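> Sharing a model that was predicted from the sequence below.
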Amino acid sequence: MNVLQYILFVLLVLMTVFNIYILTIGKKKRKQAAAAFKQTLAYLENKTFDEMKKRKLHFSEKHGYINDLNEGILLTFDHEKEMMGITLKEAFYLIPFDDILSCKERHDTLENGKWTNIGVELETKEQFLTLLFGSRKWKPTSTLAKFIISDAEEFCSLVNAVSNNPQKAKRLSANTEGQEAGRQKK
């Protein structure tokens with residue numbers, strides 16, 4: 001073998017070792033992220049369950065979201081009493097379907113074209129809530145930015161559906177639950 005072949009062989013071995021390292025570390029990080037997601041949502045579900053017991057509600061439907069700061073948002077619905085619950089780490093909001101005026105996804109665009117402060121603005125008869133889904137700077141074409149926007153849009157479509165037609169909302173939520181279950185498996 002000549003020197004060029006040795007150099008190529010060493011580069012190939014180094015690339016293989018690097019790829020194996022990245023593969024194992026990537027799996028470990030994905031498992032850690034999934035565990036953190038489940039732990040955060042379990043905390044929010046427990047908090048929501050306590051609120052349900054206090055207020056004698058039955059949330060028959062739930063949708064969980066995690067923002068880029070690893071803070072959870074749990075959206076729940078009681079279709080019988082036509083109430084919606086939003087559970088955050090430090091707060092719980094109970095909103096009647098009739099009080100919902102609008103829900104819109106929004107984001108700020110920086111001078112360099114990146115998006116930041118991706119969230120939803122929820123307007124009710126009594127309050128105006130802003131929920132943050134993404135606080136970092138994201139390229140609009142990045143996979144994570146599209147995922148965050150998709151979550152915010154899904155949140156708003158569920159909220160707007162119950163504010164317009166509670167019966168239609170039941171059908172819509174059945175479709176998004178299947179999508180959410182598929183996303184959690186990844």
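Sure, I can see it.
> Show me the shaky parts of the protein.
Applying pLDDT under 70 to the chain flags residues 1, 165-186.
> Just give me the residue closest to the centre of it.
Geometric centre of the chain, nearest residue: Y65, 2.8 Å, by Cα atoms, centre = their mean.
> Residues contacting stretch 42-53, please?
57-59, 62, 64, 72-74, 76, 85, 87-89, 92, 94 (Cβ atoms under 8 Å, 6 or more residues apart in numbering). Yep, even glycine has a C-beta here, placed from its N, CA and C like the rest.
> now with 7 Å?
By Cβ atoms under 7 Å, 6 or more residues apart in numbering, the list of residues contacting stretch 42-53 from outside reads H58, F59, G64, G72, L74, T76, G85, T87, F92.
> just the strands in this structure please.
With DSSP state E, the ranges of strands along the chain come out as 61-66, 72-78, 83-87, 92-96, 100-109, 115-124, 128-134.
> And the first one, how far out from the chain middle?
Which is strand 61-66. Here strand 61-66 shows a centroid-to-chain-centroid distance of 7 Å under the convention Cα atoms, centre = their mean, to the nearest Å.
> elements contacting that strand?
Judged by 3 or more Cβ pairs under 7 Å, 6 or more residues apart in numbering; DSSP states H and E, the packing partners of strand 61-66 are helix 3-55, strand 72-78, helix 143-164, helix 166-185.
> Make a markdown table from the strands of the chain and add distance to Y21 to it.
Below are these laid out as a markdown table (distance: least, Cβ to Cβ, whole Å):
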| stretch | distance to Y21 |
| --- | --- |
| strand 61-66 | 27 |
| strand 72-78 | 31 |
| strand 83-87 | 39 |
| strand 92-96 | 43 |
| strand 100-109 | 35 |
| strand 115-124 | 32 |
| strand 128-134 | 29 |
